[in-house]
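Student: Need a 3D model of the following:
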Amino acid sequence: MGDNLFGGKGNSLKVYAGRARVRPHLRTQTLNSLFMGFKVFFCLTSYHRPMKRYMIDFFLTGCLVVLILAGNVAGAGSAPSCVQTTGGWSSMQEKKIFLINDRGKKIVFLARIADEPAELAAGYQYICPNVISHSAILFDFGRQFTSRFHMRGVFAPLDIAFFDQSGKLVNVAHMTAEPPGFSGKRKLYSAAAPYRYALETPAGFLAGHFMTGDTTRLVVESVH
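Tutor: As a prediction, this is how the structure comes out:
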């Protein structure tokens, strides 16, 4: 038996669903603060009538500054947070898959199988890095395919290995993270030839287990 990765021999990876952390509503806090400010303002102006016009101008200017700052902070925090699971992610079946690496050694590990449209579209989008670092996804398109991959909404860098219908390795690529709010140049990643399977893993995983050379092979019987 080969190495069973992501947890040692005989252990399988378990990924538990969770909830994204809910941030406090900044606009609600700002409105509450302004309401209290109005109460203090009218108390002061009732005792200092000659200064009323000056204080009104000063107070309204202060309110405008507070609202602008609150809007900027709320906008900065409005980018989607990562999550422990998504609908597409949770529907993927978990299965042990086998690969033969460059040294002729069988490598066994648990992967999620994406073979339905929603699963193929979802991939690792919005999944937290701590989940990505202990998991893998095998995309099965059911036929030879030429579509390219993107990393929009993915929080951690990945390796991707493309395999043809027989399980022969086509090529390997490294994909950089593009989390929500990413402003750099977006990239697309393609195989050097038509493929049926695409294996996504944490960055460095494939090279670390000698699965990047021409002799690497996916045992397709382990997928079906």
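
Student: Tell me, how many residues neighbour H150?
Tutor: By the measure other C-beta atoms under 10 Å, the count of residues near H150 is 14. All C-beta atoms are positioned from the backbone trio N, CA, C, and that covers glycine.

Student: How about it: what's its closest non-neighbour residue?
Tutor: What sits nearest to H150 in space, not counting adjacent residues and going by C-beta to C-beta, 6 or more residues apart in numbering, is L188, at 5.6 Å.

Student: can you pull the contacts of that neighbour?
Tutor: 148-150 (C-beta atoms under 8 Å, 6 or more residues apart in numbering).

Student: repeat that for 10 Å
Tutor: 147-151, 175 (C-beta atoms under 10 Å, 6 or more residues apart in numbering).

Student: could those go into TSV alongside pLDDT, distance to G184 and secondary structure?
Tutor: TSV is the format used below for the contacts of L188 (pLDDT from 0 to 100; distance: C-beta to C-beta, whole Å; DSSP: H, G, I helix; E, B strand; the rest coil):
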residue	pLDDT	distance to G184	secondary structure
S147	93	23	coil
R148	96	18	coil
F149	97	17	strand
H150	96	13	strand
M151	96	11	coil
M175	97	13	strand
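
Student: between those, which is closest to S91?
Tutor: F149 (19.6 Å; C-beta to C-beta).

Student: Give the bridge partners for the closest one, please.
Tutor: Beta-bridge partners for F149, by DSSP bridges, are Y189.

Student: which residue ranges form the helices in this structure?
Tutor: 26-47, 52-76, 87-91, 117-122, 129-132, 205-208 (DSSP state H).
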